[in-house]
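>>> Sharing a model that was predicted from the sequence below.
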Amino acid sequence: MSLQQRVTVKVPASTANLGPGFDTLGMALSLYAWIEMKPSEQTVFHLYGDHLNGLPTDRSNLIYEVAQMVFNEAGVSVPELEISMFSDIPLTRGLGSSASAIVGALAAANALIGSPLSDDKLMDMATSLEKHPDNVGASLYGGIIAAAWDGSRVDHIRIEPHQDLQTLVIVPDFELSTSKARNVVPQQFDKSDVVHNISRSSLLVAALASGRLDMIQRAMLDRIHQPYRASLVPGMTEILEHAVEHGALGAALSGAGPTVLTLVDRHDPRKAELEQYLMETMGKEGINATPLWLDPDLDGVTVLSDQDERPFLDRIKGEVKA
Ligand code: HSE
């Protein structure tokens, strides 16, 4: 094992499902968290940014636990860690914050011990922790991921996003836990709804892979989770039905919500109109929200150069949004 003195990773947020691809499709977004990990005499955390307030600063922290899983898997011992983290990714809003923390921790711990584990192994480990592959796959590989999980192994294919594809996400100021949003999804479905989603999800993958942006609107329709989650996200149903009339290529609930995602052609002249429509629709429901124009992230988690000797926050300053 070649133990590094310090590793820093940058890991993207993600949006899951893209409408019909429940627990199957994900796309990485240009909103990031950074994790620095060092072997240490004693475990200590430095958590920065509003989105990490209140998270544990002892060994029960997810980052520490996930790092130890990597060391166990690789058969090495690095019991004490100094961990620094900054995140621009809001928690429990449907932008994959827990997936990015898991992927960031896996990648940082693996790099710290000389990268003995393959990306595919990290993908299997991340999915076992997260229980679905869509967010973790996007954060790990970047771009768009189509993935299937059999309970132990993930099969996945990465799709390069079309260069004109951009997103506008509307992030409500209330939290919605993934477990609450999963509990409202039924256990069984009518055959017609299953066929509806299989056909749209297949069409969406074909449209994204072949750059048929014109097909996105009709391919993003879903009948197996969004209708059941609608009551948890006021304004969502209207946005899903009408966002395309204001310039969106298509719209979906982002992951388990409450963030709403629109896909947009970055050259579309109606971007300001779309943002105004989305904010007003949320506003009519009494919901304060933040609009974020985000690009698809193409790289997934990346290990930053270790040549830069400056302290953690100085190294990432200039990149952070907050
Ligand atoms: N596919 C998941 C869901 C993403 O929709 O519940 C949430 O993490």
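Here it is on my side, so go on.
>>> I figured Asp164 hits Ile216, correct?
No. Using CB atoms under 8 Å, Asp164 is not in contact with Ile216, being 11.2 Å away. (C-beta placed from N, C-alpha, C; glycine too.)
>>> Give me the more crowded residue out of these two.
Ile216 (24 against 13; other CB atoms under 10 Å).
>>> Next SSE downstream of the helix or strand where the more buried one lies?
Counting by DSSP states H and E, the element that carries Ile216 is helix 216-219. Next along the chain after helix 216-219, taking DSSP H and E as the criterion, comes helix 226-229.
>>> Pull out the buried residues from that following helix.
226, 229 (16 or more other CB atoms under 10 Å).
>>> For that helix, list the C-alpha coordinates in PDB.
The C-alpha trace of helix 226-229 is given here as PDB (Å, rounded to 0.1, in the frame of the first residue of the first chain):
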ATOM      1  CA  GLN A 226     -44.200  11.600  -9.700                       C
ATOM      2  CA  PRO A 227     -48.100  11.400  -9.500                       C
ATOM      3  CA  TYR A 228     -47.800   9.900  -6.000                       C
ATOM      4  CA  ARG A 229     -45.200  12.500  -4.800                       C
END
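>>> by contact count, what packs against it?
Judged by 3 or more CB pairs under 8 Å, 6 or more residues apart in numbering; DSSP states H and E, helix 226-229 is in contact with helix 236-242, strand 250-253.
>>> host element of Gln307?
Assigned by DSSP H and E, Gln307 belongs to no helix or strand.
>>> Next one: it from the ligand, what distance?
When distance is defined by CB to the nearest ligand atom, to the nearest Å, Gln307 is 36 Å away from the ligand.
>>> so how many other residues sit close to that residue?
5.
>>> Quick check: which of the helices and strands packed on helix 226-229 is buried the most?
Mean neighbours per residue, mean count of other CB atoms under 10 Å, is largest over those for strand 250-253, with a mean of 28.
>>> near the ligand, anything from it?
No. Shown here: strand 250-253 not in contact with the ligand (CB under 6 Å from any ligand atom), separated by at least 7.7 Å.
>>> Provide the strand pairings for that strand, with the direction of each partner.
Strand 250-253 pairs in its sheet with strand 260-265 (antiparallel), by DSSP bridges.
>>> I'd like the helices and strands packed on helix 226-229 written out as CSV, with distance to Asp155 added.
Shown next, in CSV, are the helices and strands packed on helix 226-229 (distance: least, CB to CB, whole Å):
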stretch, distance to Asp155
helix 236-242, 29
strand 250-253, 23
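>>> Figure out which of those is closest to Asp58.
strand 250-253 (34.3 Å; CB to CB).
>>> any idea of the angle the helix or strand hosting Gly26 forms with strand 260-265?
Per DSSP H and E: Gly26 is located in strand 25-39. Strand 25-39 runs at 110 degrees relative to strand 260-265, counting by axes from the mean of the first three to the mean of the last three CA atoms, to 10 degrees.
>>> how about the CA coordinates for strand 25-39, as CSV?
The C-alpha coordinates for strand 25-39 follow below in CSV (Å, rounded to 0.1, in the frame of the first residue of the first chain):
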residue,chain,number,x,y,z
LEU,A,25,-31.3,7.2,-14.7
GLY,A,26,-29.2,9.9,-13.2
MET,A,27,-27.3,13.0,-14.4
ALA,A,28,-24.4,14.8,-12.7
LEU,A,29,-24.8,18.5,-12.2
SER,A,30,-22.3,21.4,-11.9
LEU,A,31,-22.8,21.9,-8.1
TYR,A,32,-20.1,20.4,-5.9
ALA,A,33,-18.8,19.2,-2.6
TRP,A,34,-15.1,18.9,-1.7
ILE,A,35,-13.5,16.5,0.7
GLU,A,36,-10.0,16.5,2.0
MET,A,37,-8.7,13.4,3.8
LYS,A,38,-5.4,12.9,5.7
PRO,A,39,-4.1,10.1,7.9
